[in-house]
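A.B. asks: Structure here, sequence nowhere to be found:
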Ligand code: SF4
């Protein structure tokens, strides 16, 4: 299992992560992401990785404390 994290010093509120990972990320009223705090299962990791790579501000990442992710 893994978790998403956001580097708030980088996030520009593009909202792409919420589009790609609607089950895990919502947007607040200003368009900034709100993580739902759910653990990312092994089957969801490929989609989560794609979202991490797609973040234009390099602000989204998977928790690297979990071995194998
Ligand atoms: S895609 Fe990246 S920059 Fe855009 S809201 Fe999500 S974390 Fe922030």
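C.D. replies: Now that the structure is in, tell me what you want to look at. Quick caveat: nothing in here was measured; it's all calculated off a predicted structure.
A.B. asks: From here on, just use CA atoms for contacts and neighbour counts.
C.D. replies: Fine.
A.B. asks: helix or strand for residue 9, which one?
C.D. replies: Per DSSP states H and E: residue 9 is located in neither a helix nor a strand.
A.B. asks: er, residue 51 I mean
C.D. replies: Under DSSP H and E, the secondary-structure element containing residue 51 is helix 45-54.
A.B. asks: Can you give me the buried ones in that helix?
C.D. replies: Under the neighbour-count criterion of 16 or more other C-alpha atoms under 10 Å, helix 45-54 has 45, 48, 51, 52 buried.
A.B. asks: Mind putting those into CSV with distance to residue 62 and pLDDT?
C.D. replies: Rendered in CSV, the data for the buried residues of helix 45-54 read as follows (distance: C-alpha to C-alpha, whole Å; pLDDT from 0 to 100):
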residue, distance to residue 62, pLDDT
45, 9, 92
48, 8, 96
51, 10, 97
52, 7, 97
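A.B. asks: so what strands line up beside the helix or strand harbouring residue 26?
C.D. replies: Under DSSP H and E, the secondary-structure element containing residue 26 is strand 25-27. The pairing partners recorded for strand 25-27 under DSSP bridges are strand 33-35 (antiparallel).
A.B. asks: which residues make contact with the partner strand from outside it?
C.D. replies: Contacts with strand 33-35, where a contact means C-alpha atoms under 8 Å, 6 or more residues apart in numbering, come from 4, 5, 13, 15, 17, 18, 24, 25, 26, 27, 28.
A.B. asks: Quick one: residues contacting the nearest residue to residue 7 once chain neighbours are set aside.
C.D. replies: Residue nearest to residue 7 in three dimensions, not counting chain neighbours: residue 59, with 4.8 Å by C-alpha to C-alpha, 6 or more residues apart in numbering. The contact partners of residue 59, by C-alpha under 8 Å, 6+ apart, come to 6, 7, 8, 9, 10, 11, 52.
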